[in-house]
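Colleague: here are the coordinates; sequence isn't available:
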């Protein structure tokens, strides 16, 4: 949403914001679900119990199709392979290991040339996101792939726990559904098209938490979805108040890892299990947690590799690479996700009885939380860069409670107006703070090669003080 549209939206009375949210929800519903959704869900459940040999045949056929299409129909890859052949390279595009690793910078620079010949991006679903890297990406999906993705989500996140998209649910995430300076509820909008109560994650201060709990009860919410830290804040308040009227069937976490103390609090407060998920907007690898507590990857989405050449730690974790299987119209081949992780041995069956592969560990998804002077903790600041902001990379550093530094590698067209726009979005989330801009040629990585989009430099003692409600 552009800054102008956001300002106009924020001027609307609360009920009209819900009307706008419902209009957007109707658009998304038409993209995500159709007459084939029920069949796709049934097929997804059936595949969960395939044996290894059947999975291997299916994935080999799908991978061969994707690699052939990428090498012959996708301009970016076709030109690469033509240049390699001209140079005498005898590598084969039919073998995944012969493909070079695809970096985020390449996707950012060559997004349109990664779309296959004959695909009209005006008829595809467009996703513009910075993910957790601070690098904006443009992604396009055909309708069939979008619907298959949401059928998989329905099958392996909701239906595993006895809920569905037809139930009333709440999402706590980073859309600015209400202005951050608003000091009275509602801090949410009702999206009737998706049966969704979308709740702002930017208003979870101690003073406002009771109103969130009241809304969950009033809207008869059956399950929650959102950042682990946001759900944990709600759980802490529910436990503090001793409320037992807000019981859920499941809490589905995303975007952040779930720590044990968070899981315990959420389960105790809402009387439900926690389903941790792993994924990204690029959708080359993803997973969800079964009732037995293991994180299963979804083989239909992509081929996941642990890049041993990049170095493994003592647990066997390394950089994760993903190759699209679901989206053959904009296939990402051996895409570096920016995360580190490890896969469990294939001969380690899960107590849930499903044959889906198990992700042993995921490392590298958690952005640092930032803090405001009124006691709010704010995470997932990537929406600050989700509009078409001309930056190559950006990093947000909280130096004090009242000062944030933005290190950025400027792109073409970066101006003082761009700075003001970024500063405005940060203040919309963090309050009245000083925003210092620092142009750099590159942003340093950690010792493990990890890019940190958000860094909190507050002393640990101050963080603890602020996090205690």
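Modeller: On my side now, so go ahead. Being a predicted model, the structure only gives us computed values, none of them experimental.
Colleague: got the contact list for stretch 48-65?
Modeller: Contact with stretch 48-65 is made by 47, 94, 96, 156, 299-300, 303, 323, 325, 328, 346, 353-356, as judged by Cβ atoms under 8 Å, 6 or more residues apart in numbering. Bear in mind the C-beta positions are built from the backbone N, C-alpha and C, glycine included.
Colleague: For it, buried residues please.
Modeller: Buried positions in stretch 48-65, judged by neighbour count with 16 or more other Cβ atoms under 10 Å: 48, 50, 55, 62-63.
Colleague: Output those residues in CSV; the columns should cover secondary structure, distance to residue 25 and pLDDT.
Modeller: Shown next, in CSV, are the buried residues of stretch 48-65 (DSSP: H, G, I helix; E, B strand; the rest coil; distance: Cβ to Cβ, whole Å; pLDDT from 0 to 100):
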residue, secondary structure, distance to residue 25, pLDDT
48, coil, 29, 96
50, coil, 34, 96
55, helix, 35, 94
62, helix, 32, 97
63, helix, 35, 98
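Colleague: about what we covered before: please indicate which of the contacts of stretch 48-65 are buried?
Modeller: 47, 96, 156, 299-300, 303, 323, 325, 328, 354-356.
Colleague: Keep only those of those that are in strands.
Modeller: Among the buried ones among the contacts of stretch 48-65, the residues falling in strands (DSSP state E) are 303, 323.
Colleague: now the buried ones among the contacts of stretch 48-65 as TSV including pLDDT and distance to residue 117?
Modeller: Shown next, in TSV, are those (pLDDT from 0 to 100; distance: Cβ to Cβ, whole Å):
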residue	pLDDT	distance to residue 117
47	97	30
96	97	22
156	96	33
299	95	27
300	96	24
303	96	23
323	97	20
325	97	19
328	97	12
354	95	38
355	93	36
356	95	33
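Colleague: The buried ones among the contacts of stretch 48-65 in helices, which ones?
Modeller: Residues of the buried ones among the contacts of stretch 48-65 located in helices (DSSP state H): residue 47.
Colleague: how about the helix or strand hosting residue 212: buried residues?
Modeller: Using DSSP states H and E, residue 212 maps to helix 209-218. By neighbour count with 16+ other Cβ under 10 Å, helix 209-218 contains the buried residues 209, 212-213, 215-216.
Colleague: Same question for stretch 113-130.
Modeller: 114-116, 119, 124-125, 129-130.
Colleague: Average pLDDT for that stretch, rounded please.
Modeller: Across stretch 113-130, pLDDT averages out at 93.
Colleague: picking that back up, go through the buried ones among the contacts of stretch 48-65 and say which is closest to residue 107.
Modeller: Of all those, residue 323 has the smallest distance to residue 107: 13.2 Å, by Cβ to Cβ.
Colleague: shouldn't the closest one be in contact with residue 335?
Modeller: Yes. Using Cβ atoms under 8 Å, residue 323 is in contact with residue 335, at 6.9 Å.
Colleague: which neighbours do those two share?
Modeller: If you check residue 323 and residue 335 against Cβ under 8 Å, 6+ apart, the residues they both contact are residue 284.
Colleague: For residue 456, give the beta-bridge partners.
Modeller: Beta-bridge partners recorded for residue 456 (DSSP bridges): residue 398.
Colleague: was I right about it contacting residue 396?
Modeller: No. Between residue 456 and residue 396 there is no contact under Cβ under 8 Å: 9.4 Å.
Colleague: Looking at the two, which has the bigger crowd around it?
Modeller: Applying other Cβ atoms under 10 Å to residue 456 and residue 396 shows that residue 396 carries more neighbours, namely 26 against 22.
Colleague: Now that one: closest residue in space that isn't a chain neighbour?
Modeller: In space, residue 396 comes closest to residue 454 once its chain neighbours are excluded; the distance is 5.0 Å by Cβ to Cβ, 6 or more residues apart in numbering.
Colleague: For the stretch 201-350 of the chain, just list every one of the helices.
Modeller: Here the stretch 201-350 of the chain has its helices, by DSSP state H, counting those that start in this stretch, at 209-218, 228-241, 260-270.
Colleague: Highest mean neighbour count out of those?
Modeller: Mean neighbours per residue, mean count of other Cβ atoms under 10 Å, is largest over the helices of the stretch 201-350 of the chain for helix 228-241, with a mean of 22.
Colleague: For it, give the mean pLDDT please.
Modeller: Rounded mean pLDDT across helix 228-241 is 89.
Colleague: That one - contacts with which helices or strands?
Modeller: Applying 3 or more Cβ pairs under 8 Å, 6 or more residues apart in numbering; DSSP states H and E, we find helix 228-241 packed against strand 169-173, helix 209-218, strand 250-254, helix 260-270.
Colleague: and the buried ones among the contacts of stretch 48-65 as a markdown table, adding distance to residue 18?
Modeller: Formatted as a markdown table, the buried ones among the contacts of stretch 48-65 follow (distance: Cβ to Cβ, whole Å):
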| residue | distance to residue 18 |
| --- | --- |
| 47 | 38 |
| 96 | 47 |
| 156 | 29 |
| 299 | 38 |
| 300 | 35 |
| 303 | 41 |
| 323 | 40 |
| 325 | 37 |
| 328 | 37 |
| 354 | 38 |
| 355 | 43 |
| 356 | 37 |
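Colleague: and which of the buried ones among the contacts of stretch 48-65 is nearest to residue 416?
Modeller: residue 323 (41.4 Å).
Colleague: From residue 422, how far off is the residue most central in space within the chain?
Modeller: With distances taken as Cα atoms, centre = their mean, the chain has residue 280 as the residue nearest its mean C-alpha position (4.3 Å). Distance, residue 280 to residue 422, by Cβ to Cβ, to the nearest Å: 23 Å.
Colleague: now do residue 44
Modeller: 40 Å.
Colleague: So between these two, which is more surrounded?
Modeller: The neighbour count for residue 44 versus residue 422, taken as other Cβ under 10 Å, is higher for residue 422 (22 against 19).
Colleague: Do I have it right that the more buried one meets residue 389?
Modeller: Yes. Between residue 422 and residue 389 there is a contact under Cβ under 8 Å: 6.6 Å.
Colleague: okay if I get the helices of the stretch 201-350 of the chain as CSV plus distance to residue 428?
Modeller: Formatted as CSV, those follow (distance: least, Cβ to Cβ, whole Å):
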stretch, distance to residue 428
helix 209-218, 19
helix 228-241, 17
helix 260-270, 26
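Colleague: quick one: which of these is nearest residue 285?
Modeller: Here helix 228-241 is closest among the helices of the stretch 201-350 of the chain (Cβ to Cβ), at 19.3 Å.
Colleague: Please report how far residue 167 lies from residue 302.
Modeller: On the measure of Cβ to Cβ, residue 167 and residue 302 end up 29 Å apart.
Colleague: And those two? Which one has more around it.
Modeller: residue 302 (29 against 14).
Colleague: Let's see the pLDDT reported for the more buried one.
Modeller: For residue 302, the predicted pLDDT is 96.
Colleague: Quick check: it touching residue 321?
Modeller: No. Taking contacts as Cβ under 8 Å, residue 302 lies outside contact range of residue 321: 9.4 Å.
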